[in-house]
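Engineer: sequence? don't have it. structure:
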């Protein structure tokens, strides 16, 4: 499989789902193992259950990233320092189409 065709990789219990342009594959594998097999610098783990190709980001929100029209969650992992999370958000925002970047909704803030 050509890694350029991968839309995203999703962890589903003890399996991973690899979604490509043409097909979806399921295999018994840990997402951490799949992450190590991918080309360095071309993919980003945005959630404990999702790995995305950097070049495939179509839009960004603090809660999700849009890849091939799908909203993939971008969770804040509480055991990581805030500076790493901020860096990831800044990094993603720089690589997205600025018109696709959506600021948080002020009406939903309490």
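Structural biologist: Noted; the coordinates are in hand. Keep in mind it's a predicted model, so treat the numbers as computed, not measured.

Engineer: quick one, what contacts residue 45?
Structural biologist: For residue 45, the contact set (CB atoms under 8 Å, 6 or more residues apart in numbering) comprises 31, 35, 51. Any C-beta I mention is one placed from the backbone N, CA and C, and that applies to glycine too.

Engineer: hang on, I meant residue 51
Structural biologist: Neighbour list for residue 51: 8-9, 31, 34-35, 38, 43-45 [criterion: CB under 8 Å, 6+ apart].

Engineer: any chance you could map the strands in this structure?
Structural biologist: Ranges of strands in the chain, per DSSP state E, are 6-12, 15-20, 24-28, 43-47, 50-53, 57-61, 64-67, 70-73.

Engineer: buried stuff in the fifth one?
Structural biologist: Judged by neighbour count (16 or more other CB atoms under 10 Å), strand 50-53 contains these buried residues: 50-53.

Engineer: what about it, average pLDDT?
Structural biologist: Strand 50-53 shows a mean pLDDT of 89 in the predicted model.

Engineer: what about residue 29, how many neighbours?
Structural biologist: Residues lying near residue 29 (other CB atoms under 10 Å) number 15.

Engineer: go on, the one 10 residues further on?
Structural biologist: The local packing count at residue 39 equals 9, with neighbours defined by other CB under 10 Å.

Engineer: shift numbering so it begins at 481
Structural biologist: All set: I'll call the first residue 481, so the last point we hit is now residue 519.

Engineer: Could I get the phi/psi values of it?
Structural biologist: As for residue 519, its main-chain torsions (degrees, to the nearest 10) stand at phi -60, psi 130.

Engineer: Now for the closest residue to it other than its chain neighbours: which residues touch it?
Structural biologist: Closest residue to residue 519 apart from its sequence neighbours, by CB to CB, 6 or more residues apart in numbering: residue 483 at 5.9 Å. For residue 483, the contacting residues are 518-519, 522-523, 533, by CB under 8 Å, 6+ apart.

Engineer: Now distance to residue 552 too, for those residues, in CSV please.
Structural biologist: Output for the contacts of residue 483, formatted as CSV (distance: CB to CB, whole Å):
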residue, distance to residue 552
518, 15
519, 19
522, 16
523, 12
533, 11
